[in-house]
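Visitor: this one's sequence-less:
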């Protein structure tokens, strides 16, 4: 092989037997999406972990930058009232 | 040959195909072109070894001489193995491994599909379990034929060479001898000749799509099913059986 180019990186998301949402489980290399799903099946569902697989090209994921952590997340620190724990739930409602 | 003897032979053929191909694929472990492919090939190998255990344990039960899958796998000599010549062929390059796999998977799939309707319920059950695994094996190996055939100039050349080189080992898959005919008559085994057309259909469709040329029917190598093997099997067994031979009855 003259062309030693690496396959692109894919992020893998698996929905487990009882889970409602797909969760990020890791990443792998594959030449295209179809192959990425097959590889994900072989790398990440060997022990019955999942019922559905999503793959996304790692380069297509837009991520927040760690440097902006302060401005992005600190303001929420002082706003405990956003948690619903302060509200009294009428007994008739039972569990929500 | 009594019905029980034929059934024993038949089960050995099923088990030995899975065992020898599973072993061959396991030789790739740690050497595959990519980590993802390494795991995928090992998964297929492990599926086949799992099927081996089921077939050979049943064979031992039918034989009734106290041999289980381990004894049959580790303590028979080459002449007593009943696998097809195809599955003992060396791994070669990745194209050769995939061509061997595709030829076998397509046949294996058609065979197991027939065997799910076997009059022997034990065979039907093992076939049904194996069929799910083999459906995926076939999808994967077919995919690689397409990708490598219709890939780069280099991958096309290697893929074409691989399907040409292994072609002469495919004829044996569709020939029935007295064992297979006896099993077919009793409704236990499959009619191997009836698998040939659907197999060829899949081969033609795949090689066309992959821009490859399917070889013409020609002279076929045969003998594996009757214990006449190529020199490769001896080396496989030396590797596979060394521990049991050097340390008899060792368990782990």
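Guide: Here it is on my side, so go on. All values derive from a computational prediction rather than experimental measurement. Numbering: from 1, shown residues only, chains lettered A, B, ... in the order given.
Visitor: pretty sure residue B:32 contacts residue B:44?
Guide: No: proximity of residue B:32 to residue B:44 does not meet the contact threshold set by C-beta atoms under 8 Å, at 11.4 Å. In this view, the C-beta of every residue, glycine as well, is placed from N, C-alpha and C.
Visitor: ok, these two, which is more surrounded?
Guide: Between residue B:32 and residue B:44, residue B:44 has the larger neighbour count (other C-beta atoms under 10 Å in any protein chain shown), namely 24 against 16.
Visitor: and that one, how far is that from residue B:189?
Guide: Distance of residue B:44 to residue B:189, given as C-beta to C-beta, to the nearest Å: 24 Å.
Visitor: Ok, residue B:245 next?
Guide: Residue B:245 is 32 Å from residue B:189, where distance means C-beta to C-beta.
Visitor: Just list the residues touching residue B:158, thanks.
Guide: B:93-96, B:148 (C-beta atoms under 8 Å, 6 or more residues apart in numbering or on different chains).
Visitor: Now tabulate those in CSV and tack on pLDDT and distance to chain A.
Guide: Converted to CSV, these look like this (pLDDT from 0 to 100; distance: C-beta to the nearest C-beta, whole Å):
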residue, pLDDT, distance to chain A
B:93, 96, 11
B:94, 96, 11
B:95, 97, 12
B:96, 98, 16
B:148, 97, 11
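Visitor: what about burial for those residues, which qualify?
Guide: Burial by neighbour count, 16 or more other C-beta atoms under 10 Å in any protein chain shown: within those this picks out B:94-96, B:148.
Visitor: hey, where'd the strands end up in chain A?
Guide: A:9-15, A:23-29, A:52-57 (DSSP state E).
Visitor: Nearest to residue B:109, out of the ones you listed?
Guide: Checking these against residue B:109 by C-beta to C-beta gives strand A:52-57 as the closest, at 22.9 Å.
Visitor: For the closest one, which strands pair with it and how are they oriented?
Guide: If you go by DSSP bridges, strand A:52-57 pairs up with strand A:9-15 (antiparallel).
Visitor: what residues does the partner strand touch?
Guide: The contact list for strand A:9-15 (C-beta under 8 Å, 6+ apart) reads A:21-30, A:33, A:36, A:39-40, A:43-45, A:49-59, A:61.
Visitor: and residue B:210, what does it touch?
Guide: Going by C-beta under 8 Å, 6+ apart, residue B:210 touches B:145-146, B:148-150, B:159.
Visitor: how many neighbours does residue 37 have?
Guide: Here I'm looking at chain A. That count, for residue A:37 with other C-beta under 10 Å as the rule, works out to 16.
Visitor: that's the wrong chain, I meant chain B
Guide: Neighbours of residue B:37 under the rule other C-beta under 10 Å: 20.
Visitor: What of the one 4 residues further on?
Guide: Each residue near residue B:41 was counted by other C-beta under 10 Å, and the total is 26.
Visitor: The helix or strand containing it to strand A:23-29, inter-axis angle?
Guide: Using DSSP states H and E, the element containing residue B:41 is helix B:35-63. Between helix B:35-63 and strand A:23-29, the angle comes out at 100 degrees (axes from the mean of the first three to the mean of the last three C-alpha atoms, to 10 degrees).
Visitor: Pull out the buried residues from the helix or strand that helix B:35-63 is followed by.
Guide: Of the helices and strands lying after helix B:35-63 in sequence (DSSP H and E), the nearest is helix B:69-74. Neighbour counts over helix B:69-74 (16+ other C-beta under 10 Å) mark B:69, B:72-74 as buried.
Visitor: same thing with stretch A:51-62?
Guide: Using 16+ other C-beta under 10 Å as the test for burial, stretch A:51-62 gives A:53-55.
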